[in-house]
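Peer 1: Generate a structure from the sequence data that follows.
(chains A and B)
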Protein chains: 2
Amino acid sequence: MANQKPSIPKGTRDFLPEEMVRRNYIFDTIRAVFELYGYQPVETPAMENLTTLLGKYGEEGDKLLFRILNSGDYLKGVTESTSQQVTGHQSPIASSPQHHSTTAPRHHGTPSLVPRPSSFDLSRFTQQISEKGLRYDLTVPLARFVVQHQHKLTFPFKRYQIQPVWRADRPQKGRYREFFQCDVDVIGSDSLLYEVEMIQIIDEIFTRLNLPVVIRVNNRKILAGIAEAIGVSEKLTDITTAIDKFDKIGLDKVNEELSERGLSAESIERLQSVLTLEGKIKEKKGFLEQLLTGSETGIQGLEELCHVLKYLKSLDVRNKFEFDVRLARGLTYYTGIIIEVMARDISIGSLCGGGRYDDLTGIFGVPGLFATGVSFGADRIYDVLLKQKLFPDAIQSTTRLLFVNFGDEEERFSMKLLGEVRKAGIPAEIYPEAVKLKKQLDYANRKEVPFVALAGKEEILSGKVTLKNMKTGEQRSVPANRLIEYIQ
Amino acid sequence: MANQKPSIPKGTRDFLPEEMVRRNYIFDTIRAVFELYGYQPVETPAMENLTTLLGKYGEEGDKLLFRILNSGDYLKGVTESTSQQVTGHQSPIASSPQHHSTTAPRHHGTPSLVPRPSSFDLSRFTQQISEKGLRYDLTVPLARFVVQHQHKLTFPFKRYQIQPVWRADRPQKGRYREFFQCDVDVIGSDSLLYEVEMIQIIDEIFTRLNLPVVIRVNNRKILAGIAEAIGVSEKLTDITTAIDKFDKIGLDKVNEELSERGLSAESIERLQSVLTLEGKIKEKKGFLEQLLTGSETGIQGLEELCHVLKYLKSLDVRNKFEFDVRLARGLTYYTGIIIEVMARDISIGSLCGGGRYDDLTGIFGVPGLFATGVSFGADRIYDVLLKQKLFPDAIQSTTRLLFVNFGDEEERFSMKLLGEVRKAGIPAEIYPEAVKLKKQLDYANRKEVPFVALAGKEEILSGKVTLKNMKTGEQRSVPANRLIEYIQ
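Peer 2: Okay, the predicted model is just below:
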């Protein structure tokens, strides 16, 4: 084991101080705005029962869950009797040791293995040796949380949650197996005021981050109405999946995909005017009012959207927002308005997205709880801010003052002053040993400490300290009892 | 799956807003002090390679690791050839499907099972199906981190880390399977100034938390010296393990345990004066100087300790600190001064502990890096603060003002004011629908919102707002444009 070159699992990351400070700047900004809007923090465990997670993210999602091996002798449960109870068949991999007499040494209760190669079922076996998984997102845990604690919560329940999630995705540039989500949701109201609020929150956060964005909105009801209007209601998922790719693959490829997904040439033809719809909100509205006549859902979706957009116009929204009828967002659980945020000046994908997803808690047996919310992708926001050089210089949280160490007596003198500086709330430290001055100044430079205090025997006698500005190199002699004034 | 009553894995917890706010108060206090002393934040992934974790926490610790099942078809690797490479034997559980022809349907690459019950090795099997585990503490990841990033770090490297860790311990009151550690460590210096600093940090944190503590210190070198002085150097671990329990089980039981651990009656007799050592630091020092004559290590330990204690006396330390020669702390990796913090007014176990552990990174092939640090137990601190009612009232981070919703027109008026209030940095919200006043006020009460603003048609006309103080019940009419002044 010794001398191994240590590493971390692929797709995961260490965060060094410099990165931490930038990440915390993002999290703190997001958190402050969430709280300004009356949202309260919540946290859930990293591990959830697999019964909570499985079947909530589609087949692909189930495969991407990180599963925790049961503790202790996890094969113990994989016995004939258990298996019979569960499946009505004999266990495919092992049978209980009680049923076999053997003189060979057995590991504390580990069942002996029985050959049943042809009937072996990996997924059933997995289910038996693993009951817990790592959180895959923050939405399903929220649904579980709301159902579990419903009697302790105040509805509409406005909560935010900033925590890591884990996905066994193939790691690639900008995609990690552990990453943070920053979710803000309100549960228990169908008021459109919360859609307005979500967009206000987005606007405020990106304004504070100095990152101009475009906020695109649509309504799944409009998409459903369009499908209805062109007579292919049953193809809604195919349509949304295809047109969601418009920005990436363009009109022609979308049409190809629609055709592959079984839409008739006529239906595709009728979709063209929607797919190429441009213009002012008013114009889009006029066009859709015509198209959607006869689709109650579609008209309702259009009205909801226009209500929200009109409201936003009367408020102080600083980022651009637009109605994009091509916005679909993959997830099928959205039921109303959907929102997606892109950086205005750089093409990097969505920085934030969400919408209304009524009946979130239905999967846990509590139907009828409306919900709306958005999720901020901290990693992508980080990448954009870094690329665009938008991190403020002032966020560097490091020592502001380093005392040079000249030996026992001087150290004791400096330690007193150090106490005063810290009492004033200024992060400060002393070099731990009286080594060469160059080495001590190197330490200050590498750590980007802006000021260094030198208090040698001479200074002590005169009650002064030599203060060196590490950026300018300038040195000045300042009274020891007024040191704090000079470094603020 | 529907209608299941959702729950979370035993030993884990959800944190509701009220708890989150209290927990953040603790974390924020700890973080602020760490930064005041020049420590910088770092984070590591929840998952580490098992090669990093295994063998670092003793046999018991290895068992308590949560292991992640490999992704995809994790049994694929458990083949004859792989097994032969690794162990020189045929796989005990499965052989590669290539070696068996079978007409039965096979799951994509899953090996068929072969009966080798007598040679089945659970731990080898586990090793093959699981390569990653959840972080068990923050110390081993720190060692791995320092070795991995050594060329990017500035030494002495002062870092702090506040993250959850996971242990498959049997859950019980006050012991969780997921809990947070708050670690502060400095790597790359053997200066005793850092021991002084650790105790200053402890003192400052508990002072800020208004929680009086006793800081107990000892030096493992003194314990080694004592073992040497009574002629049982080889029994050091037995002695420290036994006397570490002094507070819990008392002198007689400690003596019993020492006897069980093979100490002669004579050695135990000679230990009595140490075990019952009381008095001032000076007296203890005098006694030990006598006892440890001849043990170079012991004398050195005593000198180090006295140096630190003397230093602390010259500084502004507000909590009680004492030299306790019975303090041992279980972990054998400590090499110098050890520190433990107990609440002064309540018996609840240690709130913080640590010490010097030179050669931390030796396990990863980089020897000679000295280290010292302490870890704060946030959960236990939480319990004490709650029990002693020491959480300040002011930390409640919730909406300060709720606008009542009286309908469309009034809503629009209130939304404008709401924007102003938020612009002033005051968390505020509006009720989403014009339902009965009682319901809206109930919401404010349950959420502990201190102020409610009522702006009905009459108020709008007169440019005023009725402001209700939810604690006193008092109502006053205030000019809409001066609302902010009244709620600050």
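
Peer 1: When you work out contacts or count neighbours from here on, use the C-alpha atoms and nothing else.
Peer 2: OK.

Peer 1: got any ranges where the stretch 201-350 of chain A has weak pLDDT?
Peer 2: Segments of the stretch 201-350 of chain A classed as low confidence (criterion: pLDDT under 70) are A:330-331.

Peer 1: need the residues of it near chain B, please.
Peer 2: For the stretch 201-350 of chain A, the residues in contact with chain B under the definition C-alpha under 8 Å from any C-alpha of the partner chain are A:L315.

Peer 1: Relative to chain B, which residue of the stretch 201-350 of chain A is the closest?
Peer 2: Using C-alpha to the nearest C-alpha, the point where the stretch 201-350 of chain A gets nearest to chain B is A:L315, with a distance of 7.1 Å.

Peer 1: How about that residue, nearest residue that isn't a chain neighbour?
Peer 2: Of all residues beyond its chain neighbours, the one nearest A:L315 is B:K416 (7.1 Å), with distances taken as C-alpha to C-alpha, 6 or more residues apart in numbering or on different chains.

Peer 1: try A:L16
Peer 2: Leaving aside its sequence neighbours, A:L16 is closest to B:V42 (5.3 Å, by C-alpha to C-alpha, 6+ apart).

Peer 1: so A:L417 touches A:P479, yeah?
Peer 2: No - taking contacts as C-alpha atoms under 8 Å, A:L417 lies outside contact range of A:P479: 11.2 Å.

Peer 1: neighbour count winner among the two?
Peer 2: A:L417 (20 against 16; other C-alpha atoms under 10 Å in any protein chain shown).

Peer 1: Check which helix or strand that one maps to.
Peer 2: A:L417 belongs to helix A:408-423 when assigned by DSSP states H and E.

Peer 1: And for A:F155?
Peer 2: Using DSSP H and E, A:F155 sits within no helix or strand.

Peer 1: what residues are up against it?
Peer 2: The neighbours of A:F155, taking C-alpha atoms under 8 Å, 6 or more residues apart in numbering or on different chains as the test, are A:187-189, B:443.

Peer 1: do A:N218 as well
Peer 2: For A:N218, the contacting residues are A:305, A:323-328, A:337-339, by C-alpha under 8 Å, 6+ apart.

Peer 1: Now with 7 Å, please.
Peer 2: With contact taken as C-alpha atoms under 7 Å, 6 or more residues apart in numbering or on different chains, A:N218 is in contact with A:305, A:323-325, A:327, A:337-339.

Peer 1: hang on, isn't A:A455 packed against A:G463?
Peer 2: No - no contact is recorded between A:A455 and A:G463 when judged using C-alpha atoms under 7 Å, the distance being 9.1 Å.

Peer 1: taking the mean pLDDT, what do you get for the helix or strand containing A:V165?
Peer 2: Counting by DSSP H and E, the secondary-structure element that holds A:V165 is strand A:157-166. Here the mean pLDDT over strand A:157-166 is 97, rounded to a whole number.

Peer 1: how about it against chain B, any contact?
Peer 2: No - Strand A:157-166 is not in contact with chain B by C-alpha under 7 Å from any C-alpha of the partner chain; minimum separation 8.0 Å.

Peer 1: just the CA coordinates of that strand, formatted as CSV?
Peer 2: Output in CSV follows, covering the C-alpha atoms of strand A:157-166 (Å, rounded to 0.1, in the frame of the first residue of the first chain):
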residue,chain,number,x,y,z
PHE,A,157,-43.4,25.6,1.3
LYS,A,158,-40.6,27.7,0.0
ARG,A,159,-37.3,25.9,0.2
TYR,A,160,-33.9,25.9,-1.3
GLN,A,161,-31.2,23.2,-1.3
ILE,A,162,-27.6,23.5,-2.3
GLN,A,163,-25.9,20.1,-2.2
PRO,A,164,-23.9,17.7,-4.3
VAL,A,165,-25.5,14.9,-6.4
TRP,A,166,-23.9,11.9,-8.0
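
Peer 1: Show me the residue at the heart of chain A, geometrically.
Peer 2: Among the residues of chain A, the one closest to the centroid is A:Q181, at 1.3 Å (C-alpha atoms, centre = their mean).

Peer 1: Test my guess that it contacts A:V374.
Peer 2: No - in this structure, A:Q181 sits apart from A:V374 without contact. The criterion is C-alpha under 7 Å, and the distance is 10.2 Å.

Peer 1: tell me the contacts of A:P367?
Peer 2: With contact set as C-alpha under 7 Å, 6+ apart, A:P367 has these partners: A:359, A:361.

Peer 1: cool, and A:T372?
Peer 2: Residues in contact with A:T372 (C-alpha under 7 Å, 6+ apart) are A:185-187, A:355-357.

Peer 1: That one pairs with what?
Peer 2: A:V186, A:R356 (DSSP bridges).

Peer 1: Can you tell me how far it is from chain B?
Peer 2: Using C-alpha to the nearest C-alpha, to the nearest Å, A:T372 is found at 13 Å from chain B.

Peer 1: which parts of stretch A:329-347 are buried?
Peer 2: Of the residues in stretch A:329-347, A:329, A:334-343 count as buried by neighbour count, 16 or more other C-alpha atoms under 10 Å in any protein chain shown.

Peer 1: Would you point out the most distant pair within these?
Peer 2: Spanning the widest gap among the buried residues of stretch A:329-347 are A:T335 and A:A343, at 25.3 Å by C-alpha to C-alpha.

Peer 1: what number of residues lie near the closest residue to A:L193 other than its chain neighbours?
Peer 2: Spatial nearest neighbour of A:L193, chain neighbours left out: B:P432 (6.0 Å); criterion: C-alpha to C-alpha, 6+ apart. Counted with other C-alpha under 10 Å, the burial measure for B:P432 works out to 20 neighbours.

Peer 1: Let me know how buried A:K284 is, in neighbour terms.
Peer 2: When neighbours are counted by other C-alpha under 10 Å, A:K284 registers 17.

Peer 1: Just confirm it is within a helix.
Peer 2: Yes - secondary structure assignment (DSSP: H, G, I helix; E, B strand; the rest coil) places A:K284 inside a helix.
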